[in-house]
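> coords please:
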Amino acid sequence: MFKLNTAKVVLAGALTVVLAGAGVSAASAAITPAGSTSAYYIFDATTEALVADGAPIAFDQLVAGYPSDTGFSDYNQMFTGPAATTQVYVFVSPRGDERDTSKWLGRQMNGFNDFAAKTVLTPAMLLNNLAGANYASVKANGGNFSAGLAFTSSNGVTVEDVSFVHITVQPGGSWSYTATKDSGTTTPTDPEGDSADIDLEAGVIEADGSLELTVPANAKATFTTPTLTTQGLSQSTATLPQVTVADTRKTVDRDGWDLTQSVTDFVSGTNTIDKKNLGVAPKVVTTTQGATAAPAQVAGSATYPSPFASAAAGSAGTSTTLGADLTLVAPAGTPEGTYTSKMTLTLVSK
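Alright, predicted model coming up:
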């Protein structure tokens, strides 16, 4: 028979699960489910025989937990919780949520064998004694769960330590557990629930790439027919052909870039218009680099060479398309004619 002493009577009716920090003999050293502090085995309370892995257990059948697969009738091993423990619960939860009391499906408070020592002796595992808002579905629908003994504090909210076993419940309530295995076995406790880490290391290479400025072949900006301003000055406008900056360098080599502009004086025969009279308003047409255009140079007070556009270091993209609006205002007294100049764009890494 199941030999219940006074301490064991206190625990009868509470959910049984093998747990916390008990010493385990060499014979019962075991592989436990991931997250469980210790192994435990389930014994039939009447015959005191170890319940076999996968054997059916009735939902209202009295079975008990023990931290070893031998010596159950000697009652010489207990489950021991941390010093901060103030309550002990047996519970059923979804697998992976054993340490989150808000996810538990059913629970029942269990008694201590010795509160000062934080020990628990053979907790009774009666699944039909648990309570919880969603617990009825465990019996009705069945499924894969964890069942265990949790050492808690903060009125059962905080889990200080927990040991549990994986169980499978059939619709209607019949259930079985996946027994822990001796440490010498090569079979994992539960192929569905156990996990192990494997380090992976791989080299990655990048092409060297380059920083390049592309200007259309035979690029030319032709100004519109000049008109007179309200001050009686000749003014004409043009659009600069679009240019592209491509930065395909290795990521570590992308220090950003600067694009600068220089302009020669406009010349028609022996007549000259100073380059300061060319206004240039750079603009970013498209960019994957976060490039920005430089402030506009105003006709009549422009300065060359001067910035045209730039991109900061570490830009993730590789391409930027740029353009500009051009305005030429000739000083009073400039002879009529067709004047020409040249703009030079220079790209450098920061």
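
> Residue 130 contacts residue 90, correct?
Yes. The criterion here is CB atoms under 8 Å, and residue 130 meets it with residue 90 at 7.2 Å. Where you see a C-beta, it was placed from the backbone N, CA and C, and this is true even at glycine.

> the longest strand in this protein is where?
In the chain, with assignment by DSSP state E, the single longest strand is strand 234-247.

> What residues of that one count as buried?
The neighbour-count check on strand 234-247 (16 or more other CB atoms under 10 Å) flags 234, 235, 236, 237, 238, 240, 242, 243, 245, 246, 247 as buried.

> Can you convert those residues into JSON lines and add a column each for pLDDT and distance to residue 175?
Output for the buried residues of strand 234-247, formatted as JSON lines (pLDDT from 0 to 100; distance: CB to CB, whole Å):
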{"residue": "234", "pLDDT": "96", "distance to residue 175": "97"}
{"residue": "235", "pLDDT": "97", "distance to residue 175": "91"}
{"residue": "236", "pLDDT": "97", "distance to residue 175": "91"}
{"residue": "237", "pLDDT": "97", "distance to residue 175": "85"}
{"residue": "238", "pLDDT": "97", "distance to residue 175": "85"}
{"residue": "240", "pLDDT": "97", "distance to residue 175": "79"}
{"residue": "242", "pLDDT": "97", "distance to residue 175": "73"}
{"residue": "243", "pLDDT": "97", "distance to residue 175": "74"}
{"residue": "245", "pLDDT": "96", "distance to residue 175": "68"}
{"residue": "246", "pLDDT": "94", "distance to residue 175": "66"}
{"residue": "247", "pLDDT": "93", "distance to residue 175": "64"}
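
> okay if I get those as TSV plus distance to residue 97?
Formatted as TSV, these follow (distance: CB to CB, whole Å):
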residue	distance to residue 97
234	81
235	76
236	76
237	70
238	70
240	64
242	59
243	60
245	54
246	52
247	49
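
> Could you point out which of those is nearest to residue 342?
Using CB to CB, the shortest approach to residue 342 within those belongs to residue 240, at 12.4 Å.

> who are the neighbours in contact with the closest one?
221, 280, 323, 324, 325, 326, 343 (CB atoms under 8 Å, 6 or more residues apart in numbering).

> can you pick the most crowded of these?
Most neighbours among those, by other CB atoms under 10 Å: residue 324, with 25 neighbours.

> where does that residue land on pLDDT?
Residue 324 carries a pLDDT value of 98.

> give the contact list for residue 153.
So residue 153 contacts 84, 85, 86, 87, 160 (CB under 8 Å, 6+ apart).

> any idea which helix or strand carries the second one?
Put plainly, it is residue 85. Using DSSP states H and E, residue 85 maps to neither a helix nor a strand.

> Compute the number of surrounding residues for the closest residue to it other than its chain neighbours.
Excluding its sequence neighbours, the residue lying closest to residue 85 (CB to CB, 6 or more residues apart in numbering) is residue 151, at 4.1 Å. Around residue 151 there are 28 other residues, counting by other CB under 10 Å.

> Which one of residue 130 and residue 90 is surrounded by more residues?
In this view residue 130 and residue 90 are compared by other CB under 10 Å, and residue 90 has more residues nearby, 30 against 22.

> List the contacts of the regular element (helix or strand) spanning that one.
Following DSSP H and E, one finds residue 90 within strand 87-94. Identification of contacts with strand 87-94 by CB under 8 Å, 6+ apart yields 14-17, 81, 98, 100-101, 103-112, 120, 123, 125, 127, 130, 132, 135, 138, 145-153, 155-156, 164, 167.

> That one: what's the following helix or strand?
strand 106-110.

> low pLDDT regions in the protein?
Along the chain, the model assigns pLDDT under 70 to residues 1-32, 179-193, 316.

> Helices along that one, start to end?
6-11, 136-141 (DSSP state H).

> And the last one, what's buried?
Judged by neighbour count (16+ other CB under 10 Å), helix 136-141 contains these buried residues: 138, 139.

> again, but for stretch 53-64
Quick answer for stretch 53-64 (16+ other CB under 10 Å): 57, 59, 61, 62, 63, 64.

> so who does the closest residue to the first one other than its chain neighbours touch?
Among residues not flanking residue 57 along the chain, residue 175 sits closest, at 5.4 Å (CB to CB, 6+ apart). For residue 175, the contacting residues are 56, 57, 59, 127, 167, 168, 169, by CB under 8 Å, 6+ apart.
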